[in-house]
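Undergrad: need coordinates for the below:
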Amino acid sequence: MTPRDQRLVNEAALLRAAFSGSPVVEVSPVGWDPYETYRLVYTVPGVVLERGLQPRLSRRHSLILELGPDYPRLAPRVVTDSAVFHPNLGAVIGDAVVFDREWTAARTLIDVVVRVGQMLQYQAFDVAEPANTAAANWARRNAKLFPVGRVDIDVRIPEETPSADDAPAVAVVAVGDVAVAPVSDLRV
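TA: This is a model prediction of the structure:
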């Protein structure tokens, strides 16, 4: 097994241990072991555009996490799989998420999953170099609305890397009170 393959196996075990049974994040591997693709489904407040191009709250978001051939040297690629309205998430389904401008191989996929969950809730965003200019302009004008969610995606990372053969550990996920802006306050 190559060092990269061992890293993929270890990351899969850590993700399983950290998010198994989570009420707010579902991490599902896609493809064959060692996994290079995951579907991430978040049940947290976030913003989407409705047909009239008005922002509204949504509580379910789907993204795809892809580990390219140069992972972990290069950051994983995260793309939207459902509509989302955020300065650092592309405007079209399938656009990349700008989640980390300073990636290092020491970071884990758990870090990525947590960061994206924070972004969806507008706990984290950067309007300086947006992927979605309309969302960045809206965020600048509506800063008082943020965050739209206060769900903590908090995990306890196991002290030892679980073996791929181990049964999934129960995740410890603290879910804070959800505070959302009234839908009537969400305007472009």
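
Undergrad: and residue 101, how many residues sit next to it?
TA: Neighbourhood size, residue 101 [other CB atoms under 10 Å]: 9. Glycine gets a C-beta too; all of them are placed from N, C-alpha and C.

Undergrad: tell me which element it falls in.
TA: Under DSSP states H and E, no helix or strand contains residue 101.

Undergrad: show me what contacts residue 49?
TA: 55-56, 83, 85, 188 (CB atoms under 8 Å, 6 or more residues apart in numbering).

Undergrad: longest helix in the protein, by residue count?
TA: In the chain, with assignment by DSSP state H, the single longest helix is helix 3-19.

Undergrad: what's that one packed up against?
TA: Using 3 or more CB pairs under 8 Å, 6 or more residues apart in numbering; DSSP states H and E as the contact test, the elements touching helix 3-19 are strand 25-30, helix 109-120.

Undergrad: and the last one, which residues are buried?
TA: If I follow you right, that is helix 109-120. With burial defined by 16 or more other CB atoms under 10 Å, the residues of helix 109-120 counted as buried are 109-110, 112-120.

Undergrad: cool, and stretch 1-9?
TA: Using 16+ other CB under 10 Å as the test for burial, stretch 1-9 gives 4, 7-9.

Undergrad: re the thing from before, how about the helices and strands packed on helix 3-19 in CSV, adding distance to residue 150?
TA: Formatted as CSV, the helices and strands packed on helix 3-19 follow (distance: least, CB to CB, whole Å):
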stretch, distance to residue 150
strand 25-30, 15
helix 109-120, 10
